[in-house]
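> Just need the structure, nothing else, for what follows:
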Amino acid sequence: MGFIILLFYIAVIYIRPQEWIGFIKGMPLLDVVAIVNIFFLLMGLRTGRLKLPRVPENILMLGLLIAVCMSHIAHTYFYGLIFSFQEFVTYVVLYFIIVISVDSENKLKRLLQVLLSLTFILAIHSIIQFHTGSGFGGLEPIFTRLGETMVTRVVAYGIFNDSNDLALAFVIMVPFILMTITSAKSLVEKIVVAGISCPIFYALWLTNSRGGLLALLVTVVVYFRNRIKGAKWIFVTLIIAAVIVPVLPSRFTQTLFGESSLGRVISWGYGNQMFKANPVFGVGFKMFTEFADWRSAHNSFVNTYAELGFFGYFFWLGLIFVSLLGLYKAIFDKEYVNTTNRRLVRYGEAIFASLVGFLACGFFLTRSFNVVFFMLIAITVRTRLLVSANKVFVGDVMPGYLTKRLFLMCVGSILFMYVLTRLLLKMY
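Alright, predicted model coming up:
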């Protein structure tokens, strides 16, 4: 029952019926479903039907919550503390619900199938919106100026009320689509998923998101890199580039050193200055624009260390580092890989590509604290445990060698962004 409610919870997060369907419009549906989900989760833990897996990501997630709070406590901004706790705790809840509930291959498959179905619904909404002027509930597209013309960009409700976020929702399902088409035994399943993929790819194009198309390119390349060995991978990569690049939307063709790109680099400079002024706890969660002339960071890494300081950045980057490295070991390390169940390994390859693609987009967009990001982290954790039969990175605390590597990665990535920003500003 708890898993079914989780699927319904994710459906409410994606489709947001409480924002456009008349008889439930304005109802706190998301909060109600979350509370019910937590109730069944606690009941399952109490009776022993469900178990909380012991993984380092649990501590990292809780540490990130503390860092979010500390970013405001350090400045005695208690209203910001309350607001930040209320917003971020929803990410923590979603993470733990997925990590606890998705405890079998069948549940993982069902979760991905539901996500694909929800993504298909978003695609239909986007196509209708673009061609008629309004989608479900009368939601209209947005318009962005490109030179002398206005470009139409589709959006959805709630967390997808931004074309870039909507594009990422489409992109993260691409590896699952490719996996099903190339590996599923059922011809019917292949045909159905191939049919569903067509409107999803078209809707992705309609978002006109440069970050989304970049994420698509990286995601597809990483996916096939994991599946194809040797020199064949280079050949496949060239084919992928030859197919994708010519059909990139109009906004993607803007020059690399244009005004938009300069604005991004300037925002990175603001973030570096914030970190220098507040290196331990940052300027405060969701406070970047307050200190950057209302500019967005346009980089998830810069945004995190500027808002949360080194303390919060350690936990945030740790979630990425441990999750990706752990899943990589589970699907490629002969010591851990499950050779008796290739289906699970394929799921791992697909999810690994999804998260890498999301992060590639996050280098140019501010998606540090995003529902989809934390959902992907949770799915990555569960997939790693399923693929490796609970052998990779199990335990409440990270091994010492991982902690040292993470610390060096934090320092190195901050220095890299500082040097890169200085070099790019000189070029402009």
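
> Please make it C-alpha for all contacts and neighbour counts, starting now.
OK.

> Quick check: Asn303 is in a helix.
Yes - counting by DSSP: H, G, I helix; E, B strand; the rest coil, Asn303 is located in a helix.

> So which residues make contact with the particular helix or strand that has Trp205 in it?
When elements are assigned from DSSP states H and E, Trp205 belongs to helix 187-206. The contact list for helix 187-206, computed with CA atoms under 8 Å, 6 or more residues apart in numbering, reads 119-120, 123-124, 126-127, 130, 152-154, 166-167, 170-171, 177, 180-182, 184, 212-213, 248-249.

> Name the next helix or strand downstream of that helix, please.
Next along the chain from helix 187-206, counting by DSSP H and E, comes helix 210-227.

> Pull the distance from that next one to the chain's centre.
14 Å (CA atoms, centre = their mean, to the nearest Å).

> Mind listing what's buried along the helix holding Trp205?
Neighbour-count burial for helix 187-206, counted by 16 or more other CA atoms under 10 Å, picks out 190, 193, 196-197, 199-201, 203-206.

> Output those residues in TSV, with distance to Asn226 and pLDDT appended to each entry.
Converted to TSV, the buried residues of helix 187-206 look like this (distance: CA to CA, whole Å; pLDDT from 0 to 100):
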residue	distance to Asn226	pLDDT
Lys190	21	90
Val193	21	92
Ile196	24	94
Ser197	21	94
Pro199	26	97
Ile200	23	96
Phe201	22	93
Ala203	26	96
Leu204	24	94
Trp205	25	91
Leu206	29	94
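
> on that earlier part again, restricted to helices, list the contacts of helix 187-206.
Those of the contacts of helix 187-206 mapping onto helices are 119-120, 123-124, 126-127, 130, 166-167, 170-171, 177, 180-182, 212-213, per DSSP state H.

> how far away is Leu64 from Arg49?
28 Å (CA to CA, to the nearest Å).

> one step back: what's the angle from the helix holding Trp205 to helix 210-227?
Interaxial angle of helix 187-206 relative to helix 210-227 (axes from the mean of the first three to the mean of the last three CA atoms, to 10 degrees): 150 degrees.

> ok, back up a step: pick out the most distant pair among the buried residues of helix 187-206.
Maximum pairwise distance in the buried residues of helix 187-206, criterion CA to CA, is 24.7 Å, between Lys190 and Leu206.

> can you pull out the strands in this protein?
Along the chain, counting by DSSP state E, strands occupy 142-146, 149-153.

> Identify, out of the ones you listed, the most deeply packed stretch.
Burial of those is given as mean neighbour count (mean count of other CA atoms under 10 Å); strand 149-153 ranks first at a mean of 16.

> what is the orientation angle of the helix holding Trp205 with strand 149-153?
150 degrees.

> Which secondary structure element of the chain has the lowest mean pLDDT?
One helix or strand of the chain scores below all others by mean pLDDT, DSSP states H and E: helix 232-244, with a mean of 69.

> For ChimeraX, write the select line for the buried members of the contacts of helix 187-206.
The buried residues among the contacts of helix 187-206 can be selected in ChimeraX (16+ other CA under 10 Å) with this line:
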select :119,120,123,124,126,127,130,152,153,154,166,167,170,171,177,180,181,212,213,248,249
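
> And the residue nearest the centre of the chain, how close does it get to Ser300?
For the chain, the residue nearest the mean C-alpha position is Phe373 (2.7 Å; CA atoms, centre = their mean). Distance of Phe373 to Ser300, given as CA to CA: 11 Å.

> what touches both of those two?
Between them, Phe373 and Ser300 share the contacting residues Arg367, judged by CA under 8 Å, 6+ apart.

> Now do the contacts for Phe120.
Contacts for Phe120 (CA under 8 Å, 6+ apart) come out as 196-197, 199-200.

> and the closest residue to Ile351 other than its chain neighbours, how many neighbours?
Leaving aside its sequence neighbours, Ile351 sits nearest to Thr380 (CA to CA, 6 or more residues apart in numbering; 6.5 Å). Close neighbours of Thr380, defined as other CA atoms under 10 Å, add up to 25.

> So for Thr380, what's the pLDDT?
Confidence at Thr380, expressed as pLDDT, is 96.

> Next, work out how far apart it and Tyr157 are.
26 Å.

> on that earlier part again, quick one: which of the buried residues of helix 187-206 is nearest Lys286?
Closest to Lys286, out of all of those and judged by CA to CA, is Leu204, at 27.4 Å.

> ok, now how distant is that closest one from Phe130?
Distance, Leu204 to Phe130, by CA to CA: 12 Å.

> can you check Phe285 too?
Phe285 is 35 Å from Phe130, by CA to CA.

> Kindly report the same for Phe369.
Counting by CA to CA - Phe369 and Phe130 are separated by 28 Å.
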